[in-house]
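A.B. asks: The following block contains a protein sequence and its predicted model.
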Amino acid sequence: MPLRVRGRTLPDEAAIELWIIDGRISTERVAGADTVFDGGWIMPGLVDAHCHVGLGQHGAITLDEATAQAETERDVGALLLRDCGSPTDTRSLDDHHDLPRIIRAGRHLARPKRYIPGFAVELDDEWQLPAAVAEQALRGDGWVKLVGDWIDRSVGDLAPLWSDDVLKAAIDAAHAHGARVTAHVFGEDALPGLINAGIDCIEHGTGLTDDSIALMLEHRTALVPTLINVENFPGIADSAVRYPTYAAHMRDLYTRTYPRIAAAREAGIPLYAGSDAGSTIEHGRIADEVEALKKIGMSPTDALGAACWDARRWLGRPGLDPGASADLLCYADDPRRGPGVLSEPELIILRGKMFRAKC
């Protein structure tokens, strides 16, 4: 039976009335539709722009575990996930119409012993990177994920993994295959090479400086700061007793995170919300990331947009457009009020099917 929802939408707070027919959104009135929501707030499904479905604390997990991760995201209203690297092939989850849509980046690409064991494809020769990027571009859904920096135990601190000319060749290869590239970056030194090579997005970005912010503006590079994951930095530093320089660097990055990410926002760099769920961060926390974005000066509306309509536009996915898949959320209270509201939609509709109503 066709469904009908009515309320107000964001960010313009305009009145909206939608009909859902065969899993699609329509603005044309349908006689006899079942009104399932009337009054309150209606918006597209949330976006977690950096998570890892199919990744556990030690690497690959079973498909049943990956399914449970995706279900957790769905149940808090995250209906579109950009998976930023997973060793588990989760493409069969696309056949599950009760799970969020996933945009995959294939597997992380790193050098030997320069990332978390079990997570990445490790390349012995850095000049293998362009071919590896091309392979992951075919494995993913329009994105490729590089590890831009990590601790180099020979120097006892964060250091870049790739030389500048290799990065340029690799990112060009990704773009030739129609894929965008993003990279894990904690520190300062890896950023110029990645940005000048044409990378499309930076993950974390805790080492941003005025110069790298200017480069990102010049190259139109996006940023997904994963602020709730940055809260792990003090613990990482405490565990790195054998590498005091690295530990001090991580503590310094943690101290400077919010001011530097705020400076990036003020400069005009586009920011999107990602929780980094999948290893140390539990799934289902995108509402906490939206709340954290308010601490860098984003308004409640802009912070929510970074996890909803703005993120969907950036990823090339529709919102509440006629003919689009009916992936939407309904709230009795204003979802900008905080995580307690945002993570508990009154009604979740995914591909036109209702999944959960708040009791």
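C.D. replies: Done, it's in. Numbering: from 1, shown residues only.
A.B. asks: Excluding chain neighbours, what is closest to residue 293?
C.D. replies: Distance criterion CB to CB, 6 or more residues apart in numbering; nearest residue to residue 293, sequence neighbours excluded, is residue 303 at 4.0 Å. Quick note: C-beta positions are derived from backbone N, CA and C, even for glycine.
A.B. asks: so is that neighbour in a helix, a strand, or just coil?
C.D. replies: At residue 303, secondary structure determined by DSSP: H, G, I helix; E, B strand; the rest coil is helix.
A.B. asks: my guess is it contacts residue 288, does it?
C.D. replies: No - using CB atoms under 8 Å as the test, residue 303 is too far from residue 288 to be in contact (11.3 Å).
A.B. asks: For my notes, confirm residue 50 occurs in a strand.
C.D. replies: Yes - Residue 50: assigned to a strand according to three-state DSSP.
A.B. asks: I'd guessed residue 74 sits against residue 351; true?
C.D. replies: No - Residue 74 is beyond contact range of residue 351, at 10.8 Å (criterion: CB under 8 Å).
A.B. asks: More neighbours: those two, which one.
C.D. replies: residue 74 (23 against 17; other CB atoms under 10 Å).
A.B. asks: Excluding chain neighbours, what is closest to residue 227?
C.D. replies: residue 292 (3.8 Å).
A.B. asks: ditto for residue 36
C.D. replies: Closest residue in space to residue 36, ignoring its immediate chain neighbours: residue 3 at 5.2 Å, by CB to CB, 6+ apart.
A.B. asks: who does that neighbour bridge with?
C.D. replies: Note on residue 3: beta-bridge partners by DSSP bridges are residue 20, residue 34.
A.B. asks: can you check residue 348 too?
C.D. replies: residue 329, residue 356.
A.B. asks: Identify the residues contacting the nearest residue to residue 90 once chain neighbours are set aside.
C.D. replies: Leaving aside its sequence neighbours, residue 90 sits nearest to residue 54 (CB to CB, 6+ apart; 4.3 Å). Counting by CB atoms under 8 Å, 6 or more residues apart in numbering, residue 54 touches 60-61, 63, 66, 69, 83, 86-90, 278.
A.B. asks: Strands - which of those residues land there?
C.D. replies: By the criterion of DSSP state E, membership of the contacts of residue 54 in strands covers 60, 83.
A.B. asks: From the contacts of residue 54, which land in helices?
C.D. replies: 63, 66, 69 (DSSP state H).
A.B. asks: these two touch, right, the last one and residue 283?
C.D. replies: Yes - under the contact definition of CB under 8 Å, residue 69 touches residue 283, with a separation of 4.8 Å.
A.B. asks: what's the pLDDT at the residue nearest to the spatial centre of the chain?
C.D. replies: Most central in the chain under CA atoms, centre = their mean is residue 49, positioned 1.7 Å from the mean C-alpha point. As predicted, residue 49 sits at a pLDDT of 98.
A.B. asks: Same check on residue 224?
C.D. replies: 98.
A.B. asks: so who does the spatially closest residue to it that is not a sequence neighbour touch?
C.D. replies: Computed as CB to CB, 6+ apart, the closest residue to residue 224 that is not its neighbour in sequence is residue 274, at 4.3 Å. By CB under 8 Å, 6+ apart, the contact list for residue 274 reads 48-51, 82, 84, 203, 224-226, 289.
A.B. asks: Please indicate which of those residues are buried?
C.D. replies: Buried residues within those, counting neighbours by 16 or more other CB atoms under 10 Å: 48-51, 82, 84, 203, 224-226, 289.
A.B. asks: Tell me the one of these nearest residue 317?
C.D. replies: residue 82 (9.8 Å; CB to CB).
A.B. asks: need the contact list for the closest one.
C.D. replies: 47-51, 102-103, 105, 143, 274, 315 are the contacts of residue 82 under CB under 8 Å, 6+ apart.
A.B. asks: circling back: could you export the buried ones among the contacts of residue 274 to CSV, including columns for distance to residue 244?
C.D. replies: Converted to CSV, those look like this (distance: CB to CB, whole Å):
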residue, distance to residue 244
48, 35
49, 34
50, 30
51, 32
82, 35
84, 30
203, 26
224, 30
225, 26
226, 25
289, 31
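A.B. asks: higher neighbour count, residue 69 and residue 283?
C.D. replies: With neighbours defined as other CB under 10 Å, residue 69 and residue 283 compare such that residue 69 has more, 29 against 23.
A.B. asks: okay, the more buried one: pLDDT?
C.D. replies: In this model, residue 69 is scored at 98, pLDDT.
A.B. asks: Distance of it relative to residue 312?
C.D. replies: Going from residue 69 to residue 312 by CB to CB, to the nearest Å gives 21 Å.
A.B. asks: Same question for residue 72.
C.D. replies: Plainly put, residue 72 is 20 Å away from residue 312 if you go by CB to CB.
A.B. asks: Neighbour count: those two, which is higher?
C.D. replies: The neighbour comparison of residue 72 against residue 312 (other CB under 10 Å) goes to residue 312, with 25 against 17.
A.B. asks: Could I get the phi/psi values of residue 268?
C.D. replies: Here is the backbone geometry of residue 268 (degrees, to the nearest 10): phi 110, psi 10.
A.B. asks: Report the contact partners of it.
C.D. replies: Each residue near residue 268 by CB under 8 Å, 6+ apart is listed here: residue 217.
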